[in-house]
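Novice: I need the structure of the sequence given here:
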Amino acid sequence: MPDEEDLRPALSLRGACAAYDGKPALVDVSLDLPAGEVLAVLGPSGCGKSTLLRVVAGLEPLSAGTVLFDGDDLAGRPTHRRGFSLMFQDGQLFAHLSVARNVGYALRLARRPRAEVRSRVAELLALVGLAGYEDRMPATLSGGERQRVALARALAVRPRLLLLDEPLSALDAALRESLAADLRAILVAAGTTAVMVTHDHEEAFAVADRLAVMFRGRVVQQGPIGEVWARPADEETATFLGYPTVLAGEPADRLARAAGLAGGRVLALRRSALRVDPEGPVAATVTAAVATPELLRLQVDVPDVGALHAVASRGAQVTVGQEVRLAVDPDRLAPVGARTEVSRSL
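Specialist: Here you go, the predicted model:
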């Protein structure tokens, strides 16, 4: 059994509040992050997630509450004495320095021996997949390569905590997806405790172990990422996590029964929760159909339920106005909040 020291979180916020010009930006935020794990703080623009990051970094003052690391209250401790590293969305590399000198910058400031700096730089460039790039200049790199250099630089001093502010948002969608997987592998390999703020739920799922969802300055749900995904706290959270439909009452009960689940709950549905199946228990009429490279995305009308998303295989002969049968995948439904919660339909 782990002792109490093992169970103590690395980072803790307790009742953290912050304001700008008298307007609340963080409201009573409490959360924990175990050592060696990655927390994604997810929310729309203006929800307070970047303020949370800046408060942890010591760049913004708290108006109430505490920030602790390894049990130590960080009140009054300046940013440069917290042992944290920050990485921003644009990387902020020094354009006049080579890749190696960018990565080793903080180590040189700390007056580490040259041999140690060279060794650490080589180790980190290998970790981020840029071995041999030591003499390249930032202007010659792609966007993804620049972000890898920025990450290597942030890791150079072996920070107690790495703070990532929308680190992939400046990249195109395809590069974001591939680099998110690489970022996860790099952080795990380095054993780094990290907090990443993002507005992209797919990016959060690809990188993080834990998730905190924020709206209007408050953390409305937090926990292991699979648990948050499997049971959103409320409709707003479910929608932001990528569930386009939330049902309550008899419509929710009807689909729950079709999926072999108990009723009496609010249900969030993924776009692929309903699939065309000649043996399916749910009757529907197709109202729209759009082909993608992988499948057909449908809009269907289910009697006494309403308009829903559904899918069919790419080669299926499905047309607008056609009557179809649908199967309901229980793994693509999520109960919202408490099982007996009553809520409106979206």
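Novice: where do the helices sit along the stretch 151-300 of the chain?
Specialist: Secondary structure of the stretch 151-300 of the chain (DSSP state H, counting those that start in this stretch): helices at 173-190, 201-207, 225-230, 235-240, 249-258.
Novice: list the buried residues in the first one.
Specialist: Taking 16 or more other Cβ atoms under 10 Å as the neighbour-count basis, helix 173-190 is seen to contain the buried residues R176, L179, A180, D182, L183, R184, I186, L187, A190. Placement of C-beta: from N, CA and C, glycine included.
Novice: could you do the second one as well?
Specialist: Across helix 201-207, burial judged by 16+ other Cβ under 10 Å covers H201, E203, A204, F205, A206, V207.
Novice: mean confidence for that helix?
Specialist: Confidence for helix 201-207, expressed as mean pLDDT, is 89.
Novice: next: the fourth one.
Specialist: Helix 235-240 comes out with an average pLDDT of 93.
Novice: repeat that for stretch 33-52.
Specialist: 93.
Novice: and that stretch, how far out from the chain middle?
Specialist: Here stretch 33-52 shows a centroid-to-chain-centroid distance of 8 Å under the convention Cα atoms, centre = their mean, to the nearest Å.
Novice: what's the first-to-last distance across it?
Specialist: Start and end residues of stretch 33-52 are separated by 14 Å (Cα to Cα, to the nearest Å).
Novice: buried stuff in that stretch?
Specialist: Quick answer for stretch 33-52 (16+ other Cβ under 10 Å): 33, 35, 37-43, 47-52.
Novice: likewise for stretch 86-93?
Specialist: Per 16+ other Cβ under 10 Å, stretch 86-93 contains these buried residues: L86, M87, F88, Q89, G91, L93.
Novice: try stretch 285-297
Specialist: Judged by neighbour count (16+ other Cβ under 10 Å), stretch 285-297 contains these buried residues: V286, A289, L295, L296, R297.
Novice: what's in contact with that stretch?
Specialist: Taking contacts as Cβ atoms under 8 Å, 6 or more residues apart in numbering, the residues outside stretch 285-297 that touch it are 271-272, 298-301, 307, 309, 311-314, 316, 318-324.
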